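> just need the structure, nothing else, for what follows:
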Amino acid sequence: MAIIPTAHNAAKEGEIAKTVLLPGDPLRAKVIADTYLEDVTCFNTVRNMLGFTGTYKGKRVSVMGSGMGMPSIGIYSYELYNFYDVDRIIRIGSAGGISDRVKLRDLVIGMGASTNSNYAAQYNLPGTIAPIADYALLRRAVEVAEEKKISVAVGNILSSDVFYNADATFNDRWKQMGILCVEMEAAALYLNAAYAGKQALCMLTISDHLYTGEALSAEDRQNSFHEMMQVALELA
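Numbering: from 1, shown residues only. Okay, the predicted model is just below:
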């Protein structure tokens, strides 16, 4: 184990569970801890990237913000896997729908995470790696969603480095290749997991659709988020 705490995480050895839920927003991490976990303690406030550990149905679970974009989740997930001995990270977030297969409130599970990021260049691989989810986590997530009658789509998602894209054809070309939705973090998480030999899964709620123009209200976002949490917490 590396020297901890780190420059980004004040947790001491043993304060973080083997399973970490990773929303982008640190305030959402606090909401999750307050709403779903018992016996909660806060292990990190550095840079306001809040982190908490508690229990869910007797199982120890941690939740921490990751920030926006691959550089940010790249730092936090790397440290969790390699410095804090975390075994599995489940990203829980929102996404913009691209495919006609998905609609508002759908749960999307990223089997693979295509990307326009250069994150994988650090590994100097003799080809192109496909960042993919851990199959055991993916399979269990689908089973739980089906048991709870939650609409779920599984497939390839896009992790983009760009939110406001100057290329007006960008989404059309990814849609043609069967991409379900777009977010900004999963590819880096999947690559860090692969490099560390650990588990990762990205679960997303469709909060808006880039082609229909539809978007969830604040109330609908909260209800859909609760459905995603029902699945994510069962994987801990």
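> centre-most residue in this structure?
Arg91 (1.8 Å; C-alpha atoms, centre = their mean).
> can you give me the strands in the protein?
Counting by DSSP state E, the chain has strands at residues 19-22, 38-44, 51-56, 59-64, 88-97, 107-115, 152-159, 181-183, 199-209.
> tell me the most buried of those strands?
Of all those, strand 19-22 carries the top mean neighbour count, a mean of 26, counting by mean count of other C-beta atoms under 10 Å. Backbone N, C-alpha and C define where each C-beta goes, glycine included.
> gap between that strand and the chain center?
9 Å (C-alpha atoms, centre = their mean, to the nearest Å).
> neighbours of the nearest residue to Thr115 once chain neighbours are set aside, how many?
The shortest distance from Thr115 to any non-neighbouring residue, by C-beta to C-beta, 6 or more residues apart in numbering, is to Ala187 (3.8 Å). Neighbours of Ala187 under the rule other C-beta atoms under 10 Å: 31.
> what of Ala2?
Counted with other C-beta under 10 Å, Ala2 comes out at 8.
> next one: Lys148
13.
> what mean pLDDT does the lengthiest helix in the chain have?
When the chain is parsed with DSSP state H, its longest helix is helix 218-234. Averaged across helix 218-234, the pLDDT comes to 86.
> buried residues in it?
By 16 or more other C-beta atoms under 10 Å, the buried positions in helix 218-234 come out as 221, 224-225, 227-234.
> contacts for it next, please.
With C-beta atoms under 8 Å, 6 or more residues apart in numbering as the test, helix 218-234 has contacts from 21, 32, 36, 56-57, 61, 90, 92, 94, 104-105, 107, 140-141, 144-145, 148, 150, 203-207, 216.
> so for Arg60, what's the nearest residue that isn't a sequence neighbour?
Arg60 sits nearest to Ala17 (C-beta to C-beta, 6+ apart), 4.2 Å away.
> right, and the one you found touches Tyr56 too?
No. Between Ala17 and Tyr56 there is no contact under C-beta atoms under 8 Å: 9.8 Å.
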